[in-house]
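Enquirer: Have a look; sequence and predicted model below, questions after that.
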Amino acid sequence: MNQSIATLKNELIQMVEAANDLSALEHARVTALGKKGRITDLMKNLGSMDPEARKAMGAALNELKDEIATLIEKQETGLKHQALNDRLAHETVDITLSPRPERSGHIHPISQTMEELVSIFADMGFSVAEGPDIEDDFHNFTALNFPPGHPAREMHDTFYLPDDPDETGEAARKLLRTHTSTVQIRTMMGQKPPIRIICMGRTYRSDYDMTHTPMFHQMEGLVIDKNTHMGHLKGCLMDFLRAYFQIDNLPVRFRPSFFPFTEPSAEVDIGCSRKDGGLKIGAGDSWLEILGCGMVHPNVIKNCGLDPAEYQGFAFGMGIERLAMLKYGIPDLRTFFESDVRWLQYYGFDPLARPNRATGE
Amino acid sequence: MKFTLDWLKQHLDTQASLADITAALTALGLEVDAVTDRAKLYAPFHVVYVEKAEPHPDADRLRVCVVDTGKEKLQVVCGAPNARAGMKAVFAPAGSYIPGTGITIKKGNIRGQESNGMMVSEREMGLSEEHEGIIDVAAEIAVGTAFADLYGLNDPVIEIGLTPNRADCAGIRGIARDLAAAGLGTLKPLNETPVAGKGPAAISVSLKLTDDTQTACPLFIGRAITGVRNGPSPQWLQDRLKAVGLRPISALVDVTNYLSLDICRPLHVFDADKLRGPIHVRLAQNGETLQALNGKDYTLTDAMTVVCDDSGVLGLGGVIGGAATGCTDTTTNVYIECAYFDPLRTARTGRALQIDSDARYRFERGIDPAFTVPAIEIATRLIQELCGGQASDIMQAGAVPSWQRSINYDPAYLQQLGGFSLPSARQQTILEALGFTVTIKTDSLWQIQPPSWRGDIEGRADIVEEVMRVHGYDNIPPVSLTKPQALTQSGETINGARTRRARATLAARGLDECVTWSFMPAARASLFGANDSPSMTALKLSNAISIDLEQMRPSILPNLMEAAERNRARGFGDNALFEVGPVFHSPKRQGQALVACGIRSGQAGPRHWSSASSHRDVDVMDAKADAMAVIEATGIPATSLQVSREAPAWYHPGRSGVLKMGTNIVARFGELHPATLEALDIKGPLVGFEVMLENIPQPRKKGTARPTLVLATLQPVLRDFAFLIDAAIDADTLIRAIRGSDKDLIDRVDIFDVYTGKGVPEGKKSMAVAVTLQPRSQTLTENDLEAISQKIIDAVAAKTGGTLRS
């Protein structure tokens, strides 16, 4: 008897171990432990055996059954593992392939710069004011103390539109604003001081060459109250330029200049170095003109209906493209308006990282 | 404005270095644009003796020379035809920078012969166009003489950018005066003593102007000088003129050019023998002509001031003289004109005739009216010095126009406007050094008279500027701005916020932001609605740069379409571009609108290994999605919008629409009309959208809190239907019909398939709809579901005539 169980055991172990896939293993399981399986068959014979033999045989068979069941389980785990590995091996993909494309857009450097400017000047208590692109002679020139026929008017290379038949005089003479200073006038005529505004937008001059485009962008600032003086103008612009260029010790130089709408007037230079044809903003051996400014001319204050004996303040203006070019190393003004996607994507900005003084973006 | 250091020192007694002077000029507001220190530039070049000049063994045109520099003997290969033994020449050693060619010369080997530098021509020195041969130096010049000494080029040239207010500094004396005030030396006196005349001139002068036009020329002074001898002016005068870029002509002409620069006093010298009768000044008659000194003919108008004799117009007052009466080498009798011409009229005349002359430059800025008589004395003395001759008395018509004015000034105003104080005495010193007359009435009331040469000084702010610029802007202490509250307030406007959000939304959706011109060709504008506006012509620039930039844009679309086409032509065909900016419907304030506009062209995405689903033509729904995203970004839910087919003619009539709130159109979107694409010669597919940002109503401010969120506890149930409906019926109609059948229970209706073709009759379409039912209080039974399904089917049948597809 023991002999036959030992033989069966060997036979079954061989069969289970030889099962190299799950169906062969199932076949082995049925052969060994199924209702008509070899062990089950022997179990059925137990009843016809005498008690002693039955006891011994039963114990042996149970032991064999457990042993084979454990073996099958073990074999099954192995085979399942094997099968999974085989499947995974087939599922391998080329992970160097590109993921599904997503289109990413970009913010134009002019917009980026404008948002940076708002962010910095809002921190100094300025709010944004707006005015139209199509202006008239009064707002663009006369109110800003450009005498009629003065050479300074001619320096602006103004684009004109046909006269407005519904208006007379200077209001009828339609033009494209040559500077955002028009918004100074509209603001001072529309609200009482204290005034602290910036204005940004499109400006137009009839000039088109390497360094001029017929349309460009300016930012204008205006502060009017009773005590703002030239020292504040210097402080405000030094703070601004150092914040904008992110250089704490940026040298800033003010030198006398002339604008019809400011008196005293100044042009502002920042330090830079020019080596090997490159331009680097910061302390250096050279200066770079960056903006014009001054104390608002008493005539301008008067033209806006305010009393220059009571109110004073400063104004400044700068080219937004120039600021962007200097900060971001963009070499050619004309490329700003060419809409070349390679340029837009290279010089453009992430729409999710908007300028914010608090986060330093 | 250019001048040399020596020339400046003729008016300024100074020990200051060139560097100190240029720094002071910029600090005074006379911005130094360039300093050319020619002594430095020409330092490497010296006179050499050519010992030998033998033919090059391997090159016909070259000579192998040996030059003696005085220190050593060097071999030089030279190609100049005039190179010969025994001559003296100018030698550029190896390593020197050749100013005329911009090349640094290296030691070289020319066809087997060593060459240690070059002998140079005038062109190579950047001095003239002379390049026939190398400079042939006179034999008596010593070997080793510096080239700058040889050519009188030791004097550094300073160029300043002059602001239009500083007419006085259009003369070197004015510049010297500013420098003296800033402490860089002493202004030397000017010899203005009258030259004794020998009786009146034969030629009298008069002003034929009316009271209205008297300002055109309030003062005209003339003087004859007889028996002059014209010829080349002396070397020092020629050198100065050449240094500032003027060509010496003859002594008589050079004197006028010189004094214009030196003392900012334009003059004219006539050949007196060519004048016919007395001189008078009047306004020109329309159509009168003048052949000017520059050789060009001009036709004049009655707005221009002319100087005449009996024969007609002699010259344009303050702008340019005539050719017929100009001085030549044979001139022996001259007549000097020294007049005051009105700045505005001079500017207009010069502009109208496009004449940029040194005279116009000065007259239009306003020269010193009180200086007219002293100037003619200076001119007379200089002409006599150079050309001899006998001067007549001064002939004068008119009078010096009044220029005196008095400005009340409180020295404390410097603190008020400038933000710092200076002792009164210091302020007074500065002003007096600049020529102002200060009369102190009280400590806080000064009466200040600006000098006659400072027509730009109007009021106390100008006085502050004068004091500050001499004291130095660098010395103004900066003060940071403060604000009443510590926290930053929003500085944004509504339009600003909308622009920012539209921009970020569109860029995040994959579009690249552009900035394009506000103007376009009129023909293109007319394709995009410009013709619909009676203001079409009112929006056309009167003086456009070109027809491509003449009409204010009625839409941004064509600019972006053009941009897409340009990119396509460069090989980048799939574009997604946008711009947020103005469009113009009339020249009035309300005629400008703020629009967020975008286009997509070509394929929605690139070809990709993963699937073809993104590689498809862009379509109207891409544009609709962009437009809706912009509107949502401004805070308006897209569900509050209605869609209708009202898009303008530049869109495809069947594949476009508008988004409205009530009757208010806030956006248009669609495929561009094939005829529009064809007219612009643009390849499709191309879709676009325009969101009129100002037409979006502002969301009502209801505080920041949102209504409490109520989440259903029961699971939603999804039921699918397929309806067969008329092809002409819009999805929106079907959705509304279904929604309307049970507003409480139906939470969402989504169309997930639209099908025409096999199995669907002609003129019909099949629309598959997923309806989400949200039970509120109890779960839905089979019977409930059966009932609601029937309600939906009935509603669709009633509203659209559609049937359930079997």
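Expert: Perfect, I can see it now.
Enquirer: from here on, contacts and neighbour counts on C-alpha atoms
Expert: OK.
Enquirer: So which bits of the stretch 601-750 of chain B are right by chain A?
Expert: For the stretch 601-750 of chain B, the contact set with chain A under Cα under 8 Å from any Cα of the partner chain comprises B:605, B:606, B:608, B:610.
Enquirer: And for residue 237, the neighbour number?
Expert: Just going to use chain A. 21 (other Cα atoms under 10 Å in any protein chain shown).
Enquirer: switch to chain B, that's the one I care about
Expert: A count of nearby residues for residue B:237, using other Cα under 10 Å, gives 16.
Enquirer: Give me the buried stretch members for the helix or strand in which it is found, please.
Expert: Using DSSP states H and E, residue B:237 maps to helix B:235-243. Residues of helix B:235-243 classed as buried: B:237, B:238, B:239, B:240, B:241, B:243 (neighbour count, 16 or more other Cα atoms under 10 Å in any protein chain shown).
Enquirer: which residues are contacting that helix?
Expert: For helix B:235-243, the external contacting residues (Cα atoms under 8 Å, 6 or more residues apart in numbering or on different chains) are B:3, B:4, B:7, B:152, B:153, B:157, B:247, B:248, B:254, B:258.
Enquirer: And for stretch A:15-34?
Expert: Here stretch A:15-34 makes contact (Cα under 8 Å, 6+ apart) with A:12, A:36-40, A:65, A:68-69, A:71-72, A:75-76, A:79-80.
Enquirer: please redo it, this time with the cut-off set to 10 Å
Expert: A:8-14, A:36-41, A:64-66, A:68-69, A:71-80, A:82-83 (Cα atoms under 10 Å, 6 or more residues apart in numbering or on different chains).
Enquirer: So which of those residues are in helices?
Expert: Using DSSP state H, A:8-14, A:38-41, A:64-66, A:68-69, A:71-80, A:82-83 are the members of the contacts of stretch A:15-34 that sit in helices.
Enquirer: Pull out the buried residues from these.
Expert: Looking at these with 16+ other Cα under 10 Å, the buried ones turn out to be A:8-9, A:12-13, A:38-40, A:64-65, A:68-69, A:71-72, A:75-76, A:79.
Enquirer: give me the number of residues near the closest residue to residue A:208 other than its chain neighbours?
Expert: Take residue A:208 and drop its neighbours on the chain: the residue closest to it by Cα to Cα, 6 or more residues apart in numbering or on different chains is residue A:214, 5.7 Å away. Using other Cα under 10 Å, residue A:214 has 22 other residues around it.
Enquirer: And the pLDDT at residue A:214?
Expert: If you check residue A:214, the pLDDT there is 95.
Enquirer: and it, what is it in contact with?
Expert: Contacts of residue A:214 (Cα under 10 Å, 6+ apart): A:157-159, A:178, A:203-208, A:334, B:517-519, B:544-545, B:549.
Enquirer: which strands and helices sit next to the helix or strand following the helix holding residue B:237?
Expert: As assigned by DSSP H and E, the chain's next helix or strand after helix B:235-243 is helix B:251-263. Judged by 3 or more Cα pairs under 10 Å, 6 or more residues apart in numbering or on different chains; DSSP states H and E, helix B:251-263 is in contact with strand B:2-4, helix B:5-11, helix B:172-181, helix B:235-243, strand B:268-271, helix B:358-365, helix B:372-387.
Enquirer: Which of these comes out lowest on mean pLDDT?
Expert: helix B:235-243 (a mean of 89).
Enquirer: distance between stretch B:597-605 and the chain's centre?
Expert: Relative to its chain's centre, stretch B:597-605 lies at 35 Å (Cα atoms, centre = their mean, to the nearest Å).
Enquirer: can you check stretch B:530-543 too?
Expert: 26 Å.
Enquirer: quick revisit: give the ChimeraX command for selecting the buried subset of the contacts of residue A:214.
Expert: Buried subset of these, written as a ChimeraX selection, criterion 16+ other Cα under 10 Å:
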select /A:158,159,178,203,204,205,206,207,334 /B:517,518,519,544,549
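Enquirer: Over to the closest residue to chain A within the stretch 151-300 of chain B: give its phi and psi.
Expert: At 5.9 Å from chain A, residue B:163 is the closest residue in the stretch 151-300 of chain B, using Cα to the nearest Cα. With angles defined as degrees, to the nearest 10, residue B:163 sits at phi -70, psi 150.
Enquirer: repeat for the one 3 residues further on
Expert: Note on residue B:166: its backbone torsions stand at phi -100, psi 70 [degrees, to the nearest 10].
Enquirer: same question, residue B:356
Expert: Per degrees, to the nearest 10, the backbone of residue B:356 is at phi -100, psi 100.
Enquirer: was I right about it contacting residue B:350?
Expert: Yes - between residue B:356 and residue B:350 a contact is recorded at 6.6 Å, counting by Cα atoms under 10 Å.
Enquirer: who touches the nearest residue to residue B:180 once chain neighbours are set aside in this structure?
Expert: Setting aside the residues directly before and after it, residue B:180 is nearest to residue B:186 in space (Cα to Cα, 6+ apart), at 5.2 Å. When contacts are counted by Cα under 10 Å, 6+ apart, residue B:186 touches B:9, B:11, B:12, B:13, B:14, B:15, B:176, B:177, B:179, B:180, B:433.
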